[in-house]
Structure formats: structure tokens, C-alpha cells
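Asker: coords below, sequence missing:
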């Protein structure tokens, strides 16, 4: 899987051949990814999402449910109550400090 960074240009910042877990707060997405059947509504899904479904079915990607309140990325993309927002930002800060070893 390629890891992208979105800025004014789409850049590849890494590549991984290892299996990984994708956390999702949408149960319908999880069910669709693990289902072998397709429906008439699924024909409009972009091809890049079908690759994720294919990898999930082959076992290369594991999709697990995580509650919306536990999804720390929501602090960056959704309006959250102040308390939840500050908790998520603090957790993200801790992860960054850990990864850079400071």
C-alpha cells in the first residue's frame, strides 16, 4: 500500500508491503468491505475503494470498527464538543512526541 500526503500536490511519502489494520467508524463500510456480493448501487463506487475491498477480502487489510468518539482524526475534520476536541488533540500530540522520540 502506498501512503500519500495531500498538500497542493499529491505526494507519495512511503510504501508498505505489510498487512495493516484500518479503523473505521462506519459499520456499513465494514459490511460492504467484507461482503463478497455486489449490488446495483455499488457500481458507482470509485475503483480505488474496490481495491481496499479486494485487499480486505484477501486478508492483507483488516478493517475493524472503532467508535466515533474514539476516532482521533475527527478532531481535524469534524466539529466536536470542546472537551472531546481537546482530548483528541492531546492524544495526537502524545503520538507525535512518541514517534519523534522527544
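Answerer: The structure has been received and is ready for your questions. Predicted model, so just to flag it, every value in this text is computed and none were measured.

Asker: mind listing the strands for this structure?
Answerer: 2-6, 10-15, 20-24, 61-65 (DSSP state E).

Asker: could you tell me the least trusted of those?
Answerer: Mean pLDDT values for the strands of the chain show the minimum at strand 2-6, a mean of 49.

Asker: any regions of this protein where pLDDT drops low?
Answerer: By pLDDT under 70, the weakly predicted segments of the chain are 1-17, 37-44, 48, 101-102.

Asker: which one's the longest helix in it?
Answerer: Longest helix in the chain, counting residues (DSSP state H): helix 82-100.

Asker: now stretch 82-97: buried residues?
Answerer: residue 88 (16 or more other CB atoms under 10 Å). The way it works is simple: take the backbone N, C-alpha and C, and place the C-beta from them, glycine included.

Asker: what do you get for stretch 52-60?
Answerer: Under 16+ other CB under 10 Å, the buried positions of stretch 52-60 are 52-53, 55-56.

Asker: tabulate these (JSON lines), appending distance to residue 88.
Answerer: Output for those, formatted as JSON lines (distance: CB to CB, whole Å):
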{"residue": "52", "distance to residue 88": "24"}
{"residue": "53", "distance to residue 88": "28"}
{"residue": "55", "distance to residue 88": "28"}
{"residue": "56", "distance to residue 88": "26"}
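
Asker: wait, which of these is closest to residue 79?
Answerer: Comparing these against residue 79 with CB to CB places residue 52 closest, at 26.9 Å.

Asker: need the contact list for that closest one.
Answerer: Residue 52 makes contact with 22, 33, 61 under the criterion CB atoms under 8 Å, 6 or more residues apart in numbering.

Asker: tell me the one of those nearest residue 96?
Answerer: Nearest to residue 96, judged by CB to CB, of these is residue 22 at 20.6 Å.

Asker: how many other residues sit next to residue 29?
Answerer: Counted by other CB atoms under 10 Å, the residues lying close to residue 29 total 16.

Asker: what sits closest to it if chain neighbours are left out?
Answerer: residue 63 (7.6 Å; CB to CB, 6 or more residues apart in numbering).

Asker: need the residues that contact the longest helix of the chain.
Answerer: 69, 72, 74-75, 80.
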